[in-house]
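>>> quick one, fold the following:
(6 chains)
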6 protein chains.
Amino acid sequence: MTETHDDQKHEGAVTALDLGIAEPLSERTQAYFAKCVEKLGLVPNVLLAYAFDEKKLDAFSTFYNELMLADSELSKLDREIIAVVVSAINHCHYCLTAHGAAVRQLSGDPAFAETIAQNWRAAGLDEKRSAMLDFVTKLTERPDTIVEADRQRLRDAGFSNRAIFDIASVAAFFAMSNRVASATDMKPNAAYHGMAR
Amino acid sequence: MTETHDDQKHEGAVTALDLGIAEPLSERTQAYFAKCVEKLGLVPNVLLAYAFDEKKLDAFSTFYNELMLADSELSKLDREIIAVVVSAINHCHYCLTAHGAAVRQLSGDPAFAETIAQNWRAAGLDEKRSAMLDFVTKLTERPDTIVEADRQRLRDAGFSNRAIFDIASVAAFFAMSNRVASATDMKPNAAYHGMAR
Amino acid sequence: MTETHDDQKHEGAVTALDLGIAEPLSERTQAYFAKCVEKLGLVPNVLLAYAFDEKKLDAFSTFYNELMLADSELSKLDREIIAVVVSAINHCHYCLTAHGAAVRQLSGDPAFAETIAQNWRAAGLDEKRSAMLDFVTKLTERPDTIVEADRQRLRDAGFSNRAIFDIASVAAFFAMSNRVASATDMKPNAAYHGMAR
Amino acid sequence: MTETHDDQKHEGAVTALDLGIAEPLSERTQAYFAKCVEKLGLVPNVLLAYAFDEKKLDAFSTFYNELMLADSELSKLDREIIAVVVSAINHCHYCLTAHGAAVRQLSGDPAFAETIAQNWRAAGLDEKRSAMLDFVTKLTERPDTIVEADRQRLRDAGFSNRAIFDIASVAAFFAMSNRVASATDMKPNAAYHGMAR
Amino acid sequence: MTETHDDQKHEGAVTALDLGIAEPLSERTQAYFAKCVEKLGLVPNVLLAYAFDEKKLDAFSTFYNELMLADSELSKLDREIIAVVVSAINHCHYCLTAHGAAVRQLSGDPAFAETIAQNWRAAGLDEKRSAMLDFVTKLTERPDTIVEADRQRLRDAGFSNRAIFDIASVAAFFAMSNRVASATDMKPNAAYHGMAR
Amino acid sequence: MTETHDDQKHEGAVTALDLGIAEPLSERTQAYFAKCVEKLGLVPNVLLAYAFDEKKLDAFSTFYNELMLADSELSKLDREIIAVVVSAINHCHYCLTAHGAAVRQLSGDPAFAETIAQNWRAAGLDEKRSAMLDFVTKLTERPDTIVEADRQRLRDAGFSNRAIFDIASVAAFFAMSNRVASATDMKPNAAYHGMAR
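Below is the predicted model of the structure:
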């Protein structure tokens, strides 16, 4: 595994801030990165971007995994779709690349994934997903204007309050992640581009 | 301590989603809440908002504490100022209340804290903080337009790359937290209002 | 009374333009300032900002008083709430400070006043006030898009045409006042901060 | 003179709120309206819009006249140009009609007046006026972002602090007046259209 | 006819790019320009702006004529109204001047034409035209947000799918034409100003 | 060739307006479509969208070809990059799909093409292309604010006035084309997705 991030290091820094990687990496982090390589074939650069400080890396990855991988009424695909929709509004290179790959993989439909990244309104979604993404769009563009009627529209479309929390949490997470990536000029792993095309 | 969140529960749900609190709370969470009461006199409602699922609560609070309390070239006050500036742009009731109190406390200057929440440009800040908040404002309003020149302006103002990462991380975190709060109509603890006036 | 504005003068200019105060002040203006001190404990800096020319000061204060203090279906509190909502959208330091104090005083509820300054949608307002502030928000953000349906929604919420005129006039006044304050970097009197907390 | 506003009344209400005119009009107001007819050939509908309450009418017209007609380093034409530039951004039918006529009259150049109403940047203005209108545009679109550097650019272009106050006051006044007109659907006098073509 | 564009050339370049006119002009173009002079009394400067390359001129004018002059359920007046509404949003000096003249001519109502250029919502239009211009406004300001419901509202207002295509095509054309004119600082023929007043 | 568009017809209409195709198609159009199939392997759906009226189709395709394929200081790749940058701002599904394929093809670099569609600022472009795309972005977002200084920056970066015309023309064309596509829900040919990956 260390070869992997070493290789990536040789390609240059993962962000314009070039903060490097804590040395030596703890066994725990090495094991986590090894698991990434095993599952994805790479260590996502966002993890390397936080790896200058293992505490920050741990905190970020635990938070991220709880959000995107834990049980939820929202499927993993729905969560990745939200990630891509938010990232498209914010024009985030890193997140569109990494989560675009995830939508391709989980949907098995690369053209659908590309449409979501372009404009979800053109993807012919059903009422429930359209309601979800209308909420996500409003929350991304004008969070101050969300009112009870917006939550009620989600309930009317079939979402529980617990699911609304998850929709909000995922959309909000990428409001954050997009900004860390844009602020630091975070570079996605080149390998994402070819995945699941 | 449990009296505290019970009391808060009696006042009504902390969000419009009313997801309740995991029962029974683990000893670890009870101890964490007790520490909050000891230090702040309350359990911040944002923690109760995540407490329907202790894993989410843990992930959120660990991430938050690493960001706002760990060592950084940025003082805790600077981090709270960033929190308030982002929350003012997003008009976030919860975060302006809770982090407004923190700026009052850390600065010892309630009028300054209020000015930051109104418009940081009116606060007579020095060049370094103005550069920091110009970056934060751009990152909040138009993250897609950040370019190397923006980072360079921060370096020219005296920030290291590591400090730029922290500025970006804190600003980005509140892009997230504002949206979770607005999406769920999160209510701040009433006690924040009177703190450090 | 003249001590008061002299003191304020000693603290520095009330705007970045530093236009001074007409000398000698007419007896009429002196009497008006004395009345301000008697009622409010201070001469609002906005009056001192116009006091370089007593005709402008007279015209401004007469217009202001007619708007905010004359009889209206709108209570004085409602007019101050509109002032704060507009000023929050425009992030106006002067007006949020001065009229925030007024909302605290008239409502007797400092936490409510702060919520209005943060995001009125989080204040749990009734239908009538929500309709009023939806109109005020639209008029502030996109005046060109107001159509008859917007006025009709106010009538449906129980406002007369005369009250609609007053809502529009107050909201519009602060579109102006916010801009004079921001353009000149007008400083609010320090004493506002502590009032009615 | 009374014929004039009676005639106008016959054509319908001057705003969608149709608040009528105080009866009987005071002699003072009758004299003021007579003077308008003498000078302009009409009573501007904005005055009739306030004439349901003579105190409001007086306050408005005194404030307006002090702003637009009193001595200033800014010529009357410059003040009317600012009025039109602000009104163009806000797409205000009433103000573009009435003040468009004023720019035609004062400049003697109807094509110039039309260009100002379309996009002042296309009017080939000199540096000083361009600086003035850049400030006016920023103040109209994003008043919260005005900083000392913006005022300094005006000083560098040759404006005194006193002139900056007047630029700000006039621009801010039309931020107000545009909103009263849009909120009430104020109709300009038909006669403005043909003036000074 | 060549006198005409020669005269115009003498007045200066039609754009800030000053690309000149192909020499010699083909007989076909000379005939086209002669026809313009016969019908309009001038060669529109937009044609001279493209005349540095006759192929581009031909392509542009054929496309334009097909759009604005060919048979359509939309009257020529409706098409010119759309042109002016789009150009008002984009504050395009050239197009507001040239197509403002066309609305005056086709409507025979100069005050109506001016109102459309100021804010179409103030023009007292019927439901059908209001629906048309609501669609045009949304398409101009936020094309990404158009959904089937927007098209359906046009059908409900009485437009066929074919007419919707024409509404979209004309509005979209001026999104283009406004940008070519603004990018090049295109100057309208002085004669437009006086037409059909 | 006719099989091709027949097949496409069988897949459903190319726009939500479903205007069909003129019957019989002229030999000229049949030949044009055959050439498309020969060169691209398909008839672009945008052509079928105009094919309900061959005159409109001719006018559109002639204008398009003159713009995108004729001689220019701008390479075909640069023109396609502009197309994608404008379409990304407008979130246009059709144009991002079709012109994204063109950027892949002409650059031979699919990851580069994707970056341009996400956020051109992340693509590591040289000064000249960055200047070009800064101009394109401003022209797309706020055409009214373009001034001579913006053109001068392009000249300083090495563009001739003729090249500036072409930059403006291409950017403006996609301001149009994006809006026709969004207004009609135009569907790109499925085959674009797989091209030049």
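>>> tell me the domain ranges of chain A?
Chain A resolves into domains spanning A:3-69, A:76-194 when parsed by automatic domain parsing.
>>> what is the end-to-end distance of the last one?
So the one you mean is domain A:76-194. Counting by CA to CA, to the nearest Å, you get 21 Å between the two ends of domain A:76-194.
>>> same question, stretch A:70-80
Terminal residues of stretch A:70-80 are spaced 13 Å apart (CA to CA).
>>> and that stretch, is it in reach of chain B?
Yes. Interface with chain B: stretch A:70-80 contributes A:Ala70 (CB under 8 Å from any CB of the partner chain). Just so you know, the C-beta spots here come from the backbone N, C-alpha and C atoms, and that holds for glycine as well.
>>> quick one: check that stretch for contact with chain F.
No. Residues of stretch A:70-80 are not located near chain F by CB under 8 Å from any CB, the shortest gap being 15.9 Å.
>>> what does that stretch contact?
Counting by CB atoms under 8 Å, 6 or more residues apart in numbering or on different chains, stretch A:70-80 makes contact with A:67-69, A:82, A:99, A:102-103, A:106-107, A:129, A:132, A:159-160, A:162-163, A:166-167, A:170, B:55-56, all of which sit outside it.
>>> lowest-confidence stretch among the domains of chain A?
Of all the domains of chain A, the minimum mean pLDDT falls on domain A:3-69 (a mean of 89).
>>> of the contacts of stretch A:70-80, just the buried ones, ChimeraX syntax please.
Below is the selection syntax for ChimeraX that covers the buried ones among these, with 16 or more other CB atoms under 10 Å in any protein chain shown defining burial:
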select /A:67,68,82,99,102,103,106,107,129,132,159,163,166,167,170 /B:56
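>>> quick one: name the residues of chain A near chain F.
If contacts are counted using CB under 8 Å from any CB, the residues of chain A sitting beside chain F are A:88, A:91-94, A:96-97, A:100, A:110-111, A:114-115, A:117-119, A:122, A:182, A:185, A:190, A:193, A:197.
>>> tell me if the top helix by length along chain A is near chain B.
The helix that spans the most residues within chain A, counting by DSSP state H, is helix A:161-184. Yes. Counting by CB under 8 Å from any CB, contacts between helix A:161-184 and chain B involve A:161-162, A:164-165, A:167-169, A:171-173, A:175-180, A:182-184.
>>> what's the distance between A:Pro24 and chain B?
Using CB to the nearest CB, to the nearest Å, one gets 20 Å for the distance from A:Pro24 to chain B.
>>> how many neighbours does that residue have?
9 (other CB atoms under 10 Å in any protein chain shown).
>>> identify the residues contacting A:His93.
Applying CB under 8 Å, 6+ apart, one finds that A:His93 lies in contact with A:Ala181, A:Ser182, A:Met186, A:Pro188, F:Thr115, F:Gln118, F:Asn119, F:Ala122.
>>> dump those residues into CSV; add distance to D:Phe60 as well.
As requested, those are exported to CSV (distance: CB to CB, whole Å):
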residue, distance to D:Phe60
A:Ala181, 52
A:Ser182, 48
A:Met186, 55
A:Pro188, 59
F:Thr115, 56
F:Gln118, 52
F:Asn119, 49
F:Ala122, 53
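>>> and the longest helix of chain A, what's buried?
In helix A:161-184, counting by 16+ other CB under 10 Å, buried: A:161, A:163-184.
>>> also stretch A:66-86?
Within stretch A:66-86, the residues that qualify as buried are A:66-68, A:72, A:74, A:77-86, counting by 16+ other CB under 10 Å.
>>> out of the domains of chain A, which is the most enclosed?
Each of those was assessed for mean neighbour count using mean count of other CB atoms under 10 Å in any protein chain shown. The highest is domain A:76-194, with a mean of 21.
>>> which of the buried residues of helix A:161-184 are close to chain C?
The overlap between these and the neighbourhood of chain C (criterion: CB under 8 Å from any CB) is empty.
>>> isn't A:Arg104 right up against A:Ala113?
Yes. Counting by CB atoms under 8 Å, A:Arg104 does reach A:Ala113; the two are 4.2 Å apart.
>>> what packs against the helix or strand hosting A:Lys56?
Mapping A:Lys56 onto the secondary structure by DSSP states H and E places it in helix A:54-69. In terms of contacts (3 or more CB pairs under 8 Å, 6 or more residues apart in numbering or on different chains; DSSP states H and E), helix A:54-69 is packed against helix A:27-40, helix A:45-50, helix A:76-89, helix A:161-184, helix B:54-69.
>>> one more time with 6 Å, if that's ok
For helix A:54-69, the elements it packs on are helix A:45-50, helix B:54-69, judged by 3 or more CB pairs under 6 Å, 6 or more residues apart in numbering or on different chains; DSSP states H and E.
>>> how far does the longest helix of chain A sit from the chain's center?
Shown here is helix A:161-184, whose average C-alpha point lies 8 Å from the average C-alpha point of the whole chain (CA atoms, centre = their mean, to the nearest Å).
>>> run through who's touching that helix.
A:15-17, A:67, A:72-74, A:79, A:82-83, A:86-87, A:90, A:92, A:94-95, A:132, A:136, A:139, A:151, A:154, B:17, B:139, B:143, B:146, B:168, B:172-173, B:175-176, B:179-180, B:183 (CB atoms under 6 Å, 6 or more residues apart in numbering or on different chains).
>>> same check on stretch A:185-197?
Applying CB under 6 Å, 6+ apart, the external contacts of stretch A:185-197 come out as A:14-16, A:42, A:45, A:49, A:94, A:97-98, A:101, A:104-105, A:110, F:111, F:197.
>>> gap between stretch A:66-83 and the chain center?
In terms of CA atoms, centre = their mean, the centre of stretch A:66-83 is set 10 Å apart from its chain centre.
>>> CA-only coordinates of the helix or strand containing A:Leu106 in CSV, if you can.
A:Leu106 belongs to helix A:93-107 when elements are defined using DSSP H and E. Only the C-alpha atoms of helix A:93-107 are listed here, as CSV (Å, rounded to 0.1, in the frame of the first residue of the first chain):
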residue,chain,number,x,y,z
HIS,A,93,-13.6,19.0,-9.7
TYR,A,94,-12.5,16.6,-7.0
CYS,A,95,-15.9,15.5,-5.8
LEU,A,96,-17.5,15.3,-9.3
THR,A,97,-14.6,13.0,-10.3
ALA,A,98,-14.6,10.7,-7.3
HIS,A,99,-18.4,10.6,-6.7
GLY,A,100,-19.2,10.5,-10.4
ALA,A,101,-17.2,7.3,-10.4
ALA,A,102,-19.3,6.0,-7.5
VAL,A,103,-22.6,6.8,-9.3
ARG,A,104,-21.4,5.0,-12.3
GLN,A,105,-20.4,2.0,-10.2
LEU,A,106,-23.6,1.8,-8.1
SER,A,107,-26.0,2.6,-10.9
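>>> that helix to helix A:76-89, inter-axis angle?
When axes from the mean of the first three to the mean of the last three CA atoms, to 10 degrees is applied, the directions of helix A:93-107 and helix A:76-89 differ by 150 degrees.
>>> what angle sits between the following helix or strand past helix A:93-107 and helix A:93-107?
Elements were assigned by DSSP H and E; along the chain past helix A:93-107, the next helix or strand is helix A:110-118. What separates the directions of helix A:110-118 and helix A:93-107 is an angle of 140 degrees, with the same axes, to 10 degrees.
>>> after helix A:110-118, next one along is what?
Remark: after helix A:110-118, the chain's next helix or strand is helix A:127-141, criterion DSSP H and E.
>>> keeping just the C-alphas, turn that following helix into CSV.
Output for helix A:127-141, consisting of C-alpha atoms alone and laid out as CSV, is shown next (Å, rounded to 0.1, in the frame of the first residue of the first chain):
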residue,chain,number,x,y,z
GLU,A,127,-41.3,12.1,-8.2
LYS,A,128,-39.6,10.9,-5.1
ARG,A,129,-36.1,11.5,-6.3
SER,A,130,-37.1,14.8,-7.9
ALA,A,131,-38.5,16.0,-4.5
MET,A,132,-35.3,14.9,-2.8
LEU,A,133,-33.1,16.8,-5.3
ASP,A,134,-35.3,19.9,-5.3
PHE,A,135,-34.7,20.0,-1.5
VAL,A,136,-31.0,19.4,-2.0
THR,A,137,-30.7,22.1,-4.6
LYS,A,138,-32.5,24.7,-2.4
LEU,A,139,-30.4,23.7,0.6
THR,A,140,-27.2,24.1,-1.4
GLU,A,141,-28.1,27.4,-3.1
